[in-house]
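> sequence and computational prediction follow.
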Amino acid sequence: MGRLFLEERIKYPPFESYRFKPELLPLAIKKTELATDLSRSEAYEKIRNLPPPFRVGNKKSWLVERRYTLDDETLKLDEEHAQEMLEAVPTNSIVQKQRVGWYLTPNVVHKQARKIMNISVLVLLLTLTYLFLEPVLSVWGVPSFGTGRVRFGLLDYPVLAVIVVPILFVPIILRVGANFSDLLKQRKFLASQPKEPVISFHSETTSGGNLSITIEFPETMDNWNNMSVLWRVGVLPPSRNALMAALGRESQSQPPPGLTTELPHHWTVDLDDGTGGGEDSPMQTPDVKGGLFLRPMRIMQQSEIVPINNGKTIIPPPIGNWPGTIFSPLIRIHWELVIIIDRGDASELLWVQPLKVKHPALFCENEAIVNSGRTETNHPLSIS
């Protein structure tokens, strides 16, 4: 006789995860007791009526896992389980705040400005290195350039510095201009939002199966051209409090690597996961709680993008063996339908519809597909 536990294990990729070594980061583990004094056969009978276990990633890398254990022994993974939905997503959750409705795509200048910033910093470092070594090169008879002096007020500056330093301001000016453009675009959109599309489902939304839908638009705009659709699955960030508790830390104590210190307001309304530091999305209007730019899921896989038909549209499933919808404080497997509207010279318009997806009947195992944490580099068309 033993005790049956539901065990949740997660090592979620932080913002700019390429800067971290996942094997060195702590693994958050939460155990929930389901029953006591059960034999092995009774334990298997009970878990058959529960959603199947799954594993996304692995312990040496990023990991999101749910499994059943009898005392300290993991139960076999080849048992068939019920395909029932897990707990419903709360009405005031991060999904309703950040992943439903109309969304805009940020100005492409944001992405280019970051590339220019890297080049600018490299040029600055090379210039400083040259100015440091120039006296030695002069002793060796190597002719110098750009080391003359330019006077501004009472101070003298090297000519190279006068040339190079303004280059550093170019990406900053570009980002400011892009943010200003995005704010104007958001204000204009909010002044004349289109009506919501009407989506009818003709098939059960089950992981691994095709999705059959009909999409109708009550109204369209003059600049709407091609329309396409996809559905995708990903892992949303865990609740900060749940993650800290699973790691055995007090909510106000020092956060683990990859998690920033708590900022006022944002976590209390579930608008930030504490890893992006305000950099995951460009400047957004305060008129819409959660913003008009869709934040990326850092672990995500999307389906093929297909054009929208006048009748039924069949969308193949995302690649991989994924679990269905899950929403717990620690593990949040999220599915969504994304409609992409090409607007010619304007940036694409997105409609996002959360989905309730059933689990497959057996154990799910899949690779953790890690994506960029920045909104401007995580457009659905750039991922496919």
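Cool, the structure landed. Numbering: from 1, shown residues only.
> so what are the domain limits for the chain?
Listed domain ranges for the chain are 2-74, 94-106+194-383, 111-186 (source: automatic domain parsing).
> of these, which shows the lowest average pLDDT?
Sorting the domains of the chain by mean pLDDT places domain 111-186 lowest, at a mean of 82.
> show me what the longest helix along the chain is packed up against.
For the chain, the helix with the greatest residue count under DSSP state H is helix 159-191. Judged by 3 or more Cβ pairs under 8 Å, 6 or more residues apart in numbering; DSSP states H and E, the packing partners of helix 159-191 are strand 101-104, helix 109-139, strand 149-152. Backbone N, C-alpha and C define where each C-beta goes, glycine included.
> closest one to residue 187 among those?
Of all those, strand 101-104 sits nearest to residue 187, with 11.1 Å by Cβ to Cβ.
> what lies in contact with that closest one?
Residues from elsewhere that reach strand 101-104 (Cβ atoms under 8 Å, 6 or more residues apart in numbering): 182, 185-186, 189, 193-194, 196, 292-294, 347, 349-352.
> do that again at 10 Å, thanks
With Cβ atoms under 10 Å, 6 or more residues apart in numbering as the test, strand 101-104 has contacts from 182, 185-186, 188-190, 193-194, 196-197, 284, 288, 290-295, 338-339, 341, 343, 346-353, 375.
> re the thing from before, how far out from the middle of the chain is the helix or strand following the longest helix of the chain?
Following helix 159-191 in sequence order, the next helix or strand is strand 198-201 (DSSP states H and E). Averaging C-alpha positions (Cα atoms, centre = their mean, to the nearest Å) puts strand 198-201 26 Å from its chain's average.
> can you tell me the strand partners of the helix or strand following strand 198-201 and which way each runs?
Following strand 198-201 in sequence order, the next helix or strand is strand 211-216 (DSSP H and E). Partner strands and pairing direction for strand 211-216 (DSSP bridges) are strand 198-201 (antiparallel), strand 312-315 (antiparallel).
> nearest to residue 357, out of those strands?
strand 198-201 (11.3 Å).
> residue most distant from the centroid, the chain?
Using Cα atoms, centre = their mean, the residue of the chain lying farthest from its centre is residue 141. It sits 54.8 Å away.
> what's the helix or strand for that residue?
Using DSSP H and E, residue 141 falls within no helix or strand.
> next one: phi and psi at it?
Main-chain torsions, residue 141, degrees, to the nearest 10: phi 90, psi 10.
> among the strands paired with strand 211-216, which is nearest residue 326?
strand 198-201 (20.1 Å).
> for residue 48, give its distance to residue 84.
11 Å (Cβ to Cβ, to the nearest Å).
> for residue 16, phi and psi?
With angles defined as degrees, to the nearest 10, residue 16 sits at phi 50, psi 60.
> what is the burial count for the closest residue to it other than its chain neighbours?
Leaving out its chain neighbours, the residue that sits closest to residue 16 by Cβ to Cβ, 6 or more residues apart in numbering is residue 373, at 6.1 Å. Residue 373 has 22 neighbours, counted by other Cβ atoms under 10 Å.
> repeat for residue 340
The burial count for residue 340: 19, using other Cβ under 10 Å.
> identify the residues contacting the nearest residue to residue 47 once chain neighbours are set aside.
Excluding its sequence neighbours, the residue lying closest to residue 47 (Cβ to Cβ, 6+ apart) is residue 68, at 4.9 Å. When contacts are counted by Cβ under 10 Å, 6+ apart, residue 68 touches 4-7, 34, 43-44, 46-47, 50, 52-53, 74-77, 79, 81.
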